[in-house]
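J.: Curious how this folds, go ahead:
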Amino acid sequence: MSIALWLLATQGALGALDTLYYHEWRARLPAGVPGSRPELLLHAARDFLYSILFGSLPWVAWRGAWAAVLALLIAAEIVITLADFVVEDAVRRPLGGVFPGERCMHTVMAIIYGAALAYLVPVLLAWWRLPTEFLAEPAPVPQALRVTLSLMAVGVLGSGARDLYAALQLPKGHWPWPTTSA
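T.: Now for the predicted structure:
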């Protein structure tokens, strides 16, 4: 579990950089880039799932049937990410396509996530064999990593809420960028 959590923390740091630099600063997706709603909705859904992963895995054991629930959440995140790869190509066409550095960032993040899952799957299988309970059981990692992942959970939850708010075109959802939609 330790290596999986370190990899997830790395994933979270890269995801934050990707969101702040590429989605916010370069593409300004919340500003109403034409057709950005589907991408923002996918980002919001994925962010909500990551908030569960970052917020729970350092602190909680998903035992028994809960391991299957966690596996379904992970599978949903993978499906959302695959859909996002397709949707962002269409959304970013008016911007000249997905930025080359962003495409590279997404590839590196996919590799890191795959590695994290390779270390997490044996833990899930071990939890699956135990009686069903959602047990407070801090992972055997430094407290600083557990706290960092918890802060990342809050951050990614906020990012998801922002993307959902912008996708729903609620007042000031484009802030701080001027609106680009008609």
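J.: For the closest residue to residue 95 other than its chain neighbours, give me its contacts.
T.: Spatial nearest neighbour of residue 95, chain neighbours left out: residue 27 (5.8 Å); criterion: C-beta to C-beta, 6 or more residues apart in numbering. Any C-beta I mention is one placed from the backbone N, CA and C, and that applies to glycine too. Shown in contact with residue 27 (C-beta atoms under 8 Å, 6 or more residues apart in numbering): 33, 92, 95, 99.
J.: got TSV for these, with neighbour count too?
T.: Below are those laid out as TSV (neighbours: other C-beta atoms under 10 Å):
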residue	neighbour count
33	20
92	22
95	15
99	15
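J.: So which of the residues you listed sits lowest on pLDDT?
T.: Minimum pLDDT across the contacts of residue 27 is recorded for residue 33, with 77.
J.: I'd say residue 110 and residue 78 touch.
T.: No: look at residue 110 against residue 78 with C-beta atoms under 8 Å: they stay out of range, at 9.6 Å.
J.: which pair in the contacts of residue 27 spans the largest distance?
T.: 33 and 99 (13.0 Å; C-beta to C-beta).
J.: just the helices in this structure please.
T.: Remark: helices assigned in the chain by DSSP state H are 2-17, 37-56, 65-91, 100-128, 143-167.
J.: how about the closest residue in space to residue 146 that isn't next to it in sequence, what does it touch?
T.: Spatial nearest neighbour of residue 146, excluding adjacent residues (C-beta to C-beta, 6+ apart): residue 58 at 3.9 Å. Residues near residue 58 by C-beta under 8 Å, 6+ apart: 5, 138-139, 141, 145-146, 149-150.
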